[in-house]
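Engineer: Okay, predicted coordinates and the sequence, questions at the end:
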Amino acid sequence: MKIQRSILALIALCSLTISSAAHPAQVRVHVNGIKDVEGTIFIALCDKNTFLSRNCPYGMKKDPDTNGGEVTFEDIARGRYAVMVFQDKNNNRDLDWRLARPSEPWGVSVGDAKFSLRWLWPGPSFSKSGFDVDKDRAVDIRLE
């Protein structure tokens, strides 16, 4: 009888662990610092292998709003991610550069740290930009 109870308890514990690990999360991204309504805002949620590339597993676009804007990525697999955002003012679908710096407004997540994009220069790294998605998350990005 004790063995049966132990087995049932173990099965119940395993099913709780499996169901919580399989539960997808939401990542809500709020974008601030939009100064004009030119172009399109591109938002990407990237894992370590796709950070700073066009191959991020999750992406959205939206019209700019000077009051800010928010998007929600649904059904996100648990893991470590970073958010990249840019305002494509000339609608060429690229972040334009001038003198080795972005010439269009852009931003990245800053993980759990609090610092400005200026601290990330010469460029953002996944180690500084990444955050864990193990539950629903909210991320604030300021375009600079």
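Structural biologist: Looks like it came in fine.
Engineer: max-length strand in this structure?
Structural biologist: strand 79-88 (DSSP state E).
Engineer: Need the residues that contact it.
Structural biologist: The contact list for strand 79-88 (CB atoms under 8 Å, 6 or more residues apart in numbering) reads 27, 29, 31, 34, 38-48, 51-52, 56, 64, 94-95, 102, 104-109, 111, 124, 126, 129-133, 139, 141, 143. All C-beta spots, glycine's among them, are computed from the backbone N, C-alpha and C.
Engineer: Given that strand, what are its sheet partners and their directions?
Structural biologist: Applying DSSP bridges, strand 79-88 is found paired with strand 40-46 (antiparallel), strand 106-108 (antiparallel), strand 131-133 (antiparallel).
Engineer: Identify the residues contacting the longest one?
Structural biologist: It stands for strand 40-46. The contact list for strand 40-46 (CB under 8 Å, 6+ apart) reads 27, 29, 31, 34, 52-53, 56-64, 69, 71, 73, 76, 81-88, 91, 93, 126.
Engineer: Filter these down to the buried ones.
Structural biologist: Among the contacts of strand 40-46, those classed as buried by 16 or more other CB atoms under 10 Å are 27, 29, 31, 34, 52, 56, 58, 64, 69, 71, 73, 76, 81-88, 126.
Engineer: Does Lys128 belong to a helix, a strand or coil?
Structural biologist: Three-state assignment for Lys128 (DSSP: H, G, I helix; E, B strand; the rest coil): helix.
Engineer: Just give me how far the longest strand of the chain sits from the chain centre.
Structural biologist: 5 Å (CA atoms, centre = their mean, to the nearest Å).
Engineer: May I have that strand exported as CSV, CA atoms only?
Structural biologist: These are the backbone C-alpha positions of strand 79-88, laid out as CSV (Å, rounded to 0.1, in the frame of the first residue of the first chain):
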residue,chain,number,x,y,z
GLY,A,79,13.8,30.0,-22.7
ARG,A,80,16.1,33.1,-22.8
TYR,A,81,15.2,35.9,-25.2
ALA,A,82,16.0,39.5,-26.1
VAL,A,83,13.9,42.1,-27.8
MET,A,84,15.1,44.3,-30.7
VAL,A,85,13.0,47.2,-32.0
PHE,A,86,13.6,49.8,-34.6
GLN,A,87,11.6,52.5,-36.4
ASP,A,88,12.1,52.1,-40.1
